[in-house]
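>>> got a predicted structure plus its sequence, pasted below:
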Amino acid sequence: MLTDIDMNNPLAAQTAVFAALAQLAELHPSLPGAYITTSQISPTEAHVLLDSLADLEAWRLATHTHADDVQLADLKGDMQLVFTAPLGRITLRVYTVFAPLPLVVAT
């Protein structure tokens, strides 16, 4: 159960996330756009949802994340590729969701 103190972080507590994302955008201006969320509950974390596997690869390279750190998960029929990338004092959880290709059996 969250307490009032857990919910009482001001927007300023998220400054590190915004600064890290701005720096990433400055260093990699062609990095694909993303749906990014952050919260007062965990003000030094951001979740980055990307549109495609290619976008995820671009973010992986930009954050210097090793390919072995990318994990594959099954989400009730859809697949998710995800990795966690530390950027200074903040942590990005970067992921994309995609439908698996149908298995074709030749007869």
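That came through fine.
>>> residues of the lengthiest helix in the chain that come out buried?
Longest helix in the chain, counting residues (DSSP state H): helix 15-27. By neighbour count on 16 or more other C-beta atoms under 10 Å, the buried set for helix 15-27 is 16-17, 20-21, 24. To be clear about C-beta, it is placed using only N, CA and C from the backbone, and glycine gets the same treatment.
>>> could I get those as a markdown table with pLDDT and distance to residue 78?
What follows is the buried residues of helix 15-27, written out as a markdown table (pLDDT from 0 to 100; distance: C-beta to C-beta, whole Å):
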| residue | pLDDT | distance to residue 78 |
| --- | --- | --- |
| 16 | 92 | 32 |
| 17 | 95 | 27 |
| 20 | 95 | 29 |
| 21 | 96 | 26 |
| 24 | 96 | 27 |
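>>> can you pull out the strands in the protein?
Ranges of strands in the chain, per DSSP state E, are 35-37, 45-50, 71-75, 78-87, 90-98.
>>> which parts of stretch 25-44 are buried?
So stretch 25-44, judged by 16+ other C-beta under 10 Å, has buried residues 34, 38, 42-44.
>>> show me what the residue nearest the centre of the chain is bridged to.
Nearest residue to the geometric centre of the chain (C-alpha atoms, centre = their mean): residue 94, 1.9 Å. Taking DSSP bridges, one obtains residue 48, residue 83 as the residues bridged to residue 94.
>>> how near is residue 90 to residue 31?
Going from residue 90 to residue 31 by C-beta to C-beta, to the nearest Å gives 16 Å.
>>> kindly export the lowest-mean-pLDDT helix or strand in the chain (C-alpha atoms) in PDB.
Using mean pLDDT, DSSP states H and E, strand 71-75 stands out as the lowest-scoring helix or strand of the chain, at a mean of 91. Output of strand 71-75 as PDB, limited to C-alpha atoms (Å, rounded to 0.1, in the frame of the first residue of the first chain):
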ATOM      1  CA  GLN A  71      15.100 -10.200 -23.000                       C
ATOM      2  CA  LEU A  72      12.200 -11.800 -24.900                       C
ATOM      3  CA  ALA A  73       8.900 -12.400 -23.100                       C
ATOM      4  CA  ASP A  74       5.600 -13.900 -24.100                       C
ATOM      5  CA  LEU A  75       2.700 -11.600 -23.300                       C
END
